[in-house]
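Q: What follows is a predicted protein model with its sequence.
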Amino acid sequence: MSRATVATISGEILTGAAIPRLYRVDRSGHVPTGEPAVLVRAADVDDVRRAVTYAAQEGLSVVVRGAGTGLAGGACAGEGSLVLDVSGLDRILEISPADELAVVEAGVSGAILDRAAAAFDLRYAPDPASVAISTIGGNIATNAGGLRCVKYGVTGDSMLGLSVVLADGQLLHTGRRTVKGVAGLDLTSLFVGSEGTLGVIVAATVRLTPVPVDTVTVAAYFDDVTSAAAAAAAVTAARVRPALLELLDEASLREARDLLGLTDPAAGAFLLAQTDGFGARAEADIVADAFRQFTSRVQVGSDAAAADELLAVRRAALPALERHGRVLIEDIAVPRSAIAAAVQRIADIGLRHDIPIYTFGHAGDGNLHPIIVVPAGDPGADSRATAAADEIFATALELGGTITGEHGVGVLKRRWLEREQGTAALDVQRSIRRALDPAGLFNPDKIFTQHP
């Protein structure tokens, strides 16, 4: 990097062998070819603009990185790349209680914003499983979901506006601070879910919501996952919208409870629901009645400690599985009416390929996470896991679903995107990308199978 450029960037700059290897990868397990050429740990927006301009001048691609928690390979950086770490942009710039919004930089975590908003009896609704460690910028880039999205929507539903550095170094501001606004095209939504391919998200104006006056937890154990899925469908049919509705299959439940040192119940599956707001107790009664159509093992309560214990079971599922080998965290969504069929077909895929697959996820919106565990010391496990994942994606599409509900496409699902969306849809997306980034500066090997 030229001496002049070094002098203008206030953040840290590393090159070649000095770049820590963790900057090559994210949590997806994908390892790209080669090493990144430059790492810029940006300290402010001007650093981002200068780094993007430098990369364009030197013919380097730009890979934006926050916390590196992505699960689709979107933050992986190989040969010829400049890694742009924006985790240092971590200020909450404003919280406006009157307008129920906040302005935050991209490196802020959702958990930190949530705690800050709580001082005003407000909260940031998006609640991905990685909320304590992932950044809001990364959540926006993948349009992350989470436990509460069945009622409050995904990350994009909380976005009012964005600040984005474009390929020419220009700083673009999109959106508004008002509740409503329809002037012009919705550029905010264009960048949400773009996975770093259109620009660098450096700040966001986000919607805040009131902290619920009441929260009630309803949990139930079922004889099998088919009954649990049917109970989740019964909740939907009752026209109740819980804040969260989470499902664990039998194997996931057993592993999660074992990790937490809890006494394992009889074989079965687990559903956890929470209702909130002024009607929380009335809605919880309806949810409990829906569950009781399929099981007698139903717990209802508003005790915060008990609720935290039940939520801990759901959150422990993934770390419990990571004890047994490398995990491939897959992410599909199907129509809610197809959840039971999807879970059964995933189980059959695991048996057919002789690979352990555990399924849990957001039953309230049909977003399932089949977790494939690749045991250590099994030389054929990688190929069997890959074949199983392919069948899982095919199953999602056959059931009218999608190959990703919240993790994104990144590198790992590029070849499946055209099968889901079709050539015409991809051509339109590529043309938008060419208009914003004609040289293919940003994340050129991600999402799209062809470069601009």
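A: Perfect, I can see it now. Numbering: from 1, shown residues only.
Q: contacts, neighbours, all on C-alpha from now
A: Fine.
Q: list the contacts for the residue positioned nearest the centre of the chain?
A: Centroid check for the chain by C-alpha atoms, centre = their mean gives Ala144 as the closest residue, at 3.4 Å. Residues near Ala144 by C-alpha atoms under 8 Å, 6 or more residues apart in numbering: Pro126, Pro128, Val154, Thr155, Gly156, Glu406, His407.
Q: repeat that for 7 Å
A: Listed by C-alpha atoms under 7 Å, 6 or more residues apart in numbering, the contact set of Ala144 reads Pro128, Val154, Thr155, Glu406, His407.
Q: Please produce JSON lines containing these, extended by secondary structure, distance to Leu328 and neighbour count.
A: What follows is these, written out as JSON lines (DSSP: H, G, I helix; E, B strand; the rest coil; distance: C-alpha to C-alpha, whole Å; neighbours: other C-alpha atoms under 10 Å):
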{"residue": "Pro128", "secondary structure": "coil", "distance to Leu328": "17", "neighbour count": "22"}
{"residue": "Val154", "secondary structure": "coil", "distance to Leu328": "22", "neighbour count": "24"}
{"residue": "Thr155", "secondary structure": "helix", "distance to Leu328": "23", "neighbour count": "27"}
{"residue": "Glu406", "secondary structure": "coil", "distance to Leu328": "15", "neighbour count": "22"}
{"residue": "His407", "secondary structure": "coil", "distance to Leu328": "12", "neighbour count": "26"}
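Q: okay, the residue nearest to the centre of the chain: pLDDT?
A: Predicted confidence (pLDDT) for Ala144: 94.
Q: just Asp264 next, same as before
A: Looking at Asp264, the pLDDT reads 65.
Q: repeat for Glu418
A: Glu418 is assigned 90 on the pLDDT scale.
Q: And the contacts of Ala144, which is closest to Gly279?
A: Nearest to Gly279 out of those is Val154 (C-alpha to C-alpha; 22.4 Å).
Q: roughly how far apart are the residue lying closest to the closest one once chain neighbours are set aside and Val235?
A: Spatial nearest neighbour of Val154, chain neighbours left out: Gly145 (4.5 Å); criterion: C-alpha to C-alpha, 6 or more residues apart in numbering. Applying C-alpha to C-alpha, to the nearest Å, the value for Gly145 to Val235 is 20 Å.
Q: And Ala203, by the same measure?
A: Using C-alpha to C-alpha, one obtains 37 Å as the distance from Ala203 to Val235.
Q: Looking at these two, which is more packed in?
A: With neighbours defined as other C-alpha atoms under 10 Å, Ala203 and Val235 compare such that Ala203 has more, 26 against 23.
Q: residues touching the closest residue to that one other than its chain neighbours, list them.
A: In space, and not counting its chain neighbours, Ala203 is closest to Glu105: 4.1 Å by C-alpha to C-alpha, 6+ apart. Counting by C-alpha under 7 Å, 6+ apart, Glu105 makes contact with Leu89, Asp90, Arg91, Ile92, Val202, Ala203, Ala204.
Q: try it again with 10 Å
A: Glu105 is in contact with 44-45, 86-94, 135-137, 162-163, 201-205, counting by C-alpha atoms under 10 Å, 6 or more residues apart in numbering.
Q: same for the helix or strand hosting Val235, what does it pack against?
A: Element membership for Val235, per DSSP states H and E: helix 225-237. Packing partners of helix 225-237 (3 or more C-alpha pairs under 10 Å, 6 or more residues apart in numbering; DSSP states H and E): strand 215-222, strand 244-248, strand 269-276, helix 280-292, helix 339-352.
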